[in-house]
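1. make a model of this:
(4 chains)
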Amino acid sequence: MTSPVPLADAIAEHVHDGDTVALEGFTHLIPFAAAHEIARQGRRHLTLVRMTPDLVYDQLIGLGCADELVFSYGGNPGVGSLHRLRDAVENHWPHKLAVHEHSHAGLANAYSAGAARLPFAVLRGYRGTDLEEQRDIISRVTCPFTGEELAAVKAVNPDVTVIHAQLADRDGNVMLWGITGVQREAVLAAKRAVVTVEEVVDEFPEHTGAVILPNWVLSAVSVVPNGAWPSYAAGYSVRDNDFYQEWDAISRDREAFLAWAAANNLTQVANEQTAATHV
Amino acid sequence: MTSPVPLADAIAEHVHDGDTVALEGFTHLIPFAAAHEIARQGRRHLTLVRMTPDLVYDQLIGLGCADELVFSYGGNPGVGSLHRLRDAVENHWPHKLAVHEHSHAGLANAYSAGAARLPFAVLRGYRGTDLEEQRDIISRVTCPFTGEELAAVKAVNPDVTVIHAQLADRDGNVMLWGITGVQREAVLAAKRAVVTVEEVVDEFPEHTGAVILPNWVLSAVSVVPNGAWPSYAAGYSVRDNDFYQEWDAISRDREAFLAWAAANNLTQVANEQTAATHV
Amino acid sequence: MSDWTSADMMNVAAARELHDGDVCLVGVGPPNLAANLARRTHAPNCRLVYESGAIDAKPKKLPLSIGDDDLAATAIAVVSVPEMFNFWVGAGRIDVGFLGAAQIDRYGNINTTVIGDHADPKVRLPGAGGAPEIAAAAGRVIVIVKQSPRTFVERVDFVSSVGYGPTGTERDAPGAGPTLVITDHGVLEPDPVTHELTLTRLHPGVTAEQALAATGWPLKVADSVQAVPAPSGAELEALRGLRNREAVDA
Amino acid sequence: MSDWTSADMMNVAAARELHDGDVCLVGVGPPNLAANLARRTHAPNCRLVYESGAIDAKPKKLPLSIGDDDLAATAIAVVSVPEMFNFWVGAGRIDVGFLGAAQIDRYGNINTTVIGDHADPKVRLPGAGGAPEIAAAAGRVIVIVKQSPRTFVERVDFVSSVGYGPTGTERDAPGAGPTLVITDHGVLEPDPVTHELTLTRLHPGVTAEQALAATGWPLKVADSVQAVPAPSGAELEALRGLRNREAVDA
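-> Alright, predicted model coming up:
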């Protein structure tokens, strides 16, 4: 991987029907443009993984791209519910969505285990919660030295992880900074990794807290300025809090949502789906 | 913790006889000045923990400060043996040194587990090696999801960790950069932490790859310019490779070593020890 | 009418419980408001930690999300989310964790996951987020939640974060658990022996009867219920400044 | 006399085994020399990873230690040591691991820990360092070690890093193991079936008899032993430049 490729090509090559896909970003640097391209290409039967599904997965779920969701917090931060997520879980619209849920600590460790190619991770967590009833992803192990019982989470290894970053250099190495969440772990846990960036530079600047990913762990880089909107890229844009508020009204209503999708060139998919619900 | 204190005060308050002490630094930023102060104050019966004991532990071991050593690579990098370490293990001079040894991966994970206050860590490691015979620190666990058997290492939680860093700010927060090894984990794994720094600044510069430790996880900060010599501090000094070479001759011979100790104001300890070996 | 609402009183009462120097894990919503209020009033040196990775953040304005750039830009350090949960939250470095709740029961167990059955829920709530490990590992937990019979229930539909367990005796975690539940009516504290949440303080103008009516189980009332002082002028001014997103120096 | 030594030949032979684009984990000593030699000759795009945390380091001079500032300063990224071993080495992202040995046996098991008993050793060696997990997880392992009966022993006193196990059949690790043992005499490769190290190549001027005499077990010799080409002028020039610590552009 060296030269940037068009986003449509990167998605077509690396995101397939039925894939387990992680689009990560903790409030910051959420790869919305890449998600929209996935929807536009009509991907189906995805297992979506993300700590905070946010609007980006509300949209993919509403557009019928996902069969399953692995997550730890599914709200519109500071606003309220993710209505498309709720509609899928509560009313199976556009179809049923199977849910596998973690705490933040659990899913963060599941990615870390995946990045280390370990089958599980150990943490102090979940004790006393009903989340533990999901024994296929949350279990327990006993410390061989002290006998203490601790939580274990099954590793997450996406088929493809997609992130947005500030910079790539001419060799296709990638740099992100600010709140970098679990992106490093999500990329290293995946079989393939696609990155959209704000711009390409000759040399990376100094940034405390930056994460740098060498080109040989990445599958494709695409230059997509403002590719995180309505999320933001520190140093390039600010979070569009108004859109996060507006989304509440758009997403509450199926017709309003479909109209929004149509207006944003996600119509191919949206039409298929409308047809399906009217059968 | 806010204002810097003299190194002698920091060591006197936080490093006690019998403590488990980690002085960390992977080739870079090795806290030599702090180690010499520990020797000068005549600390005894220490359990020393360090991935790469290097000259700094060769000196403390030769001076009789340590009863036990937890480590993963005990050589003089690019030069050869650590002769004081060897003399202690092979000939019990100045007294017997009990050895607990890991691989780098194992000890790094043992610190990480300590930093997370977990009793153990899981890794892909040790399989097929005789290091596994140390069952009190290296064991196995079974993945509850896949049944795969993996290595487990017992957490390391030093009583005190000592590191050298480039900078503190006016509030006593600490910043280090370059090769930062396992210092973050070693500090967070410890009950107490002492940091020597090159200088105090009003504001931290931007440095990709920097580690920053907030003042509330530190016990004391002391300003000791060149406190890593003959190791180095990136941006402040270069590694004194000549001294690393010279150490081979100094440390090969007990008398030469004791003369070096005397010439470096480590005589109190050295004299006691000479007396002890002549009883 | 006073010049403050019951929600204001709730946030002010929560802010007062943060001590200067406390390390506080701050979530979205009222916790965010309360923690920043404390920092602008009596606890200027409390340390705000956000699960997004920001340590010692000093936001100039009230952040709208826990991932605002202002948090990263003003923090002493920004760490990855795995590090935040393993080395900071899980390791017990948080003195105070503020949590919200969609349902809470008499033993302080919290539900933020579903109303109804988990496999086929009536209402799908956002989920656990960072709360389970904050609830377990923070030195003390302060729950901020408006009181109503729908929220204060005999038994939560789903335990997202543990308080003192189903019968008040099952807590198995390093932290002290929910030591205070601060509502728009007053303050509930666990009984030292049974851990049953007990009404110990009332906000100005609220009666014990109102608090009982807002609780879905027969709420225990302390022998001596204390009166919470009304918000001071300084507290209200700071609260207004935060709500209007007025900037102060970091 | 040729203008190169048997040690030069060993390092050149090792360098040749690194392919352009390989991700190579580089340790101190001969591996450091061989990897940097490869990068200055036929494999300019091989990726040097040092266990100190430097990824894609492009040292201008031969680093004297694996923690030289030049490595950090020229690397694409510098990560912590735990991350290096968990996310990079352990995860199997290393194509080639170069290792040394104080003792090696006929099944490629390596001792760098002790001569004699571990609890009361005759000689205390430096220890395992990063080698056990490199030996297990690297795509292929190249051992660089001078040949002598004291080093090439029937059975190692201590298994620091596993090759193919005590009888050649016990390896249980993701990587292929020690696919090449490069000495000052020639090259040994594991038999495809039994994994017994077998002499397959000889350096110029070295005989199979000399290699046998330098081995502490009855060394198997391949039916057709290949001749290793002598170091080229370009290889020797690059080697001299490295030894003299001459700088080149990163």
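2. now do the end-to-end distance for stretch C:108-119.
-> Stretch C:108-119 has an end-to-end distance of 24 Å (C-alpha to C-alpha, to the nearest Å).
3. give me the contacts around it.
-> By C-beta atoms under 8 Å, 6 or more residues apart in numbering or on different chains, the residues outside stretch C:108-119 that reach it are A:101, A:128, A:130-131, A:133, C:99-104, C:121-129, C:131, C:135, C:143, C:156-166, C:177-178, C:181, C:190, C:195, C:197. C-beta coordinates here come from the backbone N, C-alpha and C atoms, glycine included.
4. in space, what's closest to the residue in chain C that chain A sits nearest to - neighbours in sequence excluded?
-> In chain C, no residue comes nearer to chain A than residue C:67, which is 2.2 Å away by C-beta to the nearest C-beta. Once flanking residues are discounted, residue C:67 sits nearest to residue A:27: 2.2 Å by C-beta to C-beta, 6 or more residues apart in numbering or on different chains.
5. tell me the secondary structure at that neighbour.
-> Secondary structure state of residue A:27, per DSSP: H, G, I helix; E, B strand; the rest coil, is coil.
6. how about residue A:199?
-> Look at residue A:199: counting by three-state DSSP, its state is strand.
7. tell me the secondary structure at residue A:107.
-> helix.
8. my guess is it contacts residue A:74. True?
-> No - using C-beta atoms under 8 Å, residue A:107 is not in contact with residue A:74, being 11.8 Å away.
9. in helices, which of the contacts of stretch C:108-119 fall?
-> C:131, C:135 (DSSP state H).
10. out of the contacts of stretch C:108-119, list just those in strands.
-> Of the positions in those, A:101, C:99, C:103-104, C:121-124, C:143, C:178, C:181, C:190, C:197 sit in strands, assigned by DSSP state E.
11. show me what residue C:123 is bridged to.
-> Using DSSP bridges, the beta-bridge partners of residue C:123 come out as residue C:115.
12. OK, contacts around it?
-> A:86, A:90, C:114-116.
13. hmm, try it at 10 Å
-> Residues in contact with residue C:123, defined by C-beta atoms under 10 Å, 6 or more residues apart in numbering or on different chains, are A:81, A:86, A:89-90, C:102, C:113-116, C:157.
14. tell me how many other residues surround residue 220.
-> Since no chain was named, I'll use chain A. 23 (other C-beta atoms under 10 Å in any protein chain shown).
15. you looked at the wrong chain, it should be chain C
-> Residue crowding around residue C:220 was assessed by other C-beta under 10 Å; the count is 16.
16. so it makes contact with residue C:193?
-> No - between residue C:220 and residue C:193 there is no contact under C-beta atoms under 10 Å: 11.9 Å.
17. tell me where chain C has strands.
-> For chain C, strands defined by DSSP E occupy the ranges C:23-26, C:47-50, C:54-57, C:77-78, C:96-99, C:103-104, C:110-111, C:114-116, C:121-124, C:140-144, C:178-182, C:186-190, C:197-202, C:220-227.
18. could you dump the second one to CSV, C-alpha only?
-> The one in question is strand C:47-50. Extracted C-alpha coordinates of strand C:47-50, given in CSV (Å, rounded to 0.1, in the frame of the first residue of the first chain):
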residue,chain,number,x,y,z
ARG,C,47,-9.2,16.4,38.3
LEU,C,48,-11.6,15.7,35.4
VAL,C,49,-11.0,12.4,33.6
TYR,C,50,-13.1,11.6,30.6
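19. what's it packed up against?
-> Other elements packing on strand C:47-50 under the criterion 3 or more C-beta pairs under 10 Å, 6 or more residues apart in numbering or on different chains; DSSP states H and E are strand C:23-26, helix C:30-40, strand C:54-57, helix C:69-74, strand C:96-99.
20. tell me the most buried of those?
-> Among the helices and strands packed on strand C:47-50, ranked by average contacts under mean count of other C-beta atoms under 10 Å in any protein chain shown, first place goes to strand C:96-99 (a mean of 28).
21. give the rounded mean pLDDT of that strand.
-> Mean pLDDT, strand C:96-99: 96.
22. over to stretch A:196-208?
-> Mean predicted confidence for stretch A:196-208 is 97.
23. what's the end-to-end length of that stretch?
-> End-to-end span of stretch A:196-208 (C-alpha to C-alpha): 21 Å.
24. buried ones in it?
-> For stretch A:196-208, the neighbour count (16 or more other C-beta atoms under 10 Å in any protein chain shown) marks A:196-198, A:204, A:207-208 as buried.
25. could you dump the ones in strands among the contacts of stretch C:108-119 into CSV with distance to residue B:217 added?
-> Shown next, in CSV, are these (distance: C-beta to C-beta, whole Å):
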residue, distance to residue B:217
A:101, 32
C:99, 24
C:103, 36
C:104, 32
C:121, 41
C:122, 44
C:123, 41
C:124, 39
C:143, 27
C:178, 26
C:181, 30
C:190, 30
C:197, 33
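26. give me the ChimeraX select line for the residues you listed, limited to the buried ones.
-> Of the ones in strands among the contacts of stretch C:108-119, the buried ones go into a single ChimeraX selection, burial set by 16+ other C-beta under 10 Å:
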select /A:101 /C:99,103,104,121,124,143,178,181,190,197
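27. what sits against the residue of chain C most remote from its centre?
-> Distance from the C-alpha centroid of chain C peaks at residue C:120, with 28.6 Å (C-alpha atoms, centre = their mean). If you count contacts by C-beta under 10 Å, 6+ apart, residue C:120 has them with A:89-90, A:92, A:96, C:114.
28. what do residue A:107 and residue A:74 both touch?
-> A:50-52, A:101, C:129.
29. and chain A, which residues reach chain D?
-> Proximity of chain A to chain D (C-beta under 10 Å from any C-beta of the partner chain) is limited to residues A:112-118, A:169, A:171, A:173-175, A:184-185, A:188-189, A:204, A:210-217.
30. and what of chain C?
-> C:80, C:83.
31. low-confidence ranges, chain C, go.
-> The model of chain C has pLDDT under 70 over residues C:1, C:249-250.
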